[in-house]
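Engineer: let's see this in three dimensions:
(one chain, ligands or ions: 2)
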Amino acid sequence: MSIDVSLALKNEGVQYPFSEKLELGVIECMYGNFETEGATAVSGTLVAMEGEIYLEGEIEVALVRLCDRCADEYKRSYHLEFKETFTGKKDGDESENYTFADGQVDLVQMVEDYVVLQVPTASLCSEDCKGLCPVCGVNLNRASCNCGANDQSGPFGMLAGLMDRD
Ligand SMILES: [Zn+2]
Ligand SMILES: [Zn+2]
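Structural biologist: Ligands and ions are numbered 1, 2, ... in the order given. From the prediction side, this is the model:
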């Protein structure tokens, strides 16, 4: 879960590649939880400069989500890019920065923050999800119903209205 940066700290300015797989499970967030599926891959390069660690790379995360429109569960992968500085942890440090200690950088907090902040909160199983029928509740992606047949307000209702005039 954490990467050893002691070598990088000894050799400032030298870039080191890294690649990690994190088992994040459910990421809790005040706007709703994110359920990750399988391991979340984090990779990139790191370099030490003046005792700080700069990390740059990408996150591949698969999420199990619920569609806002039809409530169906679906899976989707997201590709996120990051660039962050980790500073050495000091006692009583109140800064907003990510920190590292004992030559180890823990990526979990940063990766969770990126998922929460960068994955769009709007969730649709597909761009053209038809949603649920507001009358009978059937999932219109999988079945059809006749509830809208006499509805004059929808596009089909308006067409029917035009034809009635003849
Ligand atoms: Zn949907
Ligand atoms: Zn219906």
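
Engineer: what about residue 6, how many neighbours?
Structural biologist: Residue 6 has 11 neighbours, counted by other C-beta atoms under 10 Å. For every residue, glycine as well, the C-beta is placed using N, CA and C.

Engineer: please disregard the earlier target; I meant residue 59.
Structural biologist: Residue 59: 22 surrounding residues under other C-beta under 10 Å.

Engineer: now do residue 46
Structural biologist: 20.

Engineer: do stretch 70-85 and ligand 1 meet?
Structural biologist: Yes. Interface with ligand 1: stretch 70-85 contributes residue 70 (C-beta under 5 Å from the ion).

Engineer: show me how far that stretch is from its chain's centre.
Structural biologist: Centroid displacement of stretch 70-85 relative to its chain, using C-alpha atoms, centre = their mean, to the nearest Å, is 3 Å.

Engineer: for the closest residue to residue 39 other than its chain neighbours, give me the pLDDT.
Structural biologist: Distances taken as C-beta to C-beta, 6 or more residues apart in numbering put residue 21 closest to residue 39, at 3.9 Å, once the chain neighbours are dropped. Note on residue 21: pLDDT of 96.

Engineer: tell me the SS of residue 21?
Structural biologist: Secondary structure assignment for residue 21 (DSSP: H, G, I helix; E, B strand; the rest coil): strand.

Engineer: low-confidence ranges, the chain, go.
Structural biologist: 1, 93-94, 149-166 (pLDDT under 70).

Engineer: I am finished for the moment; much appreciated.
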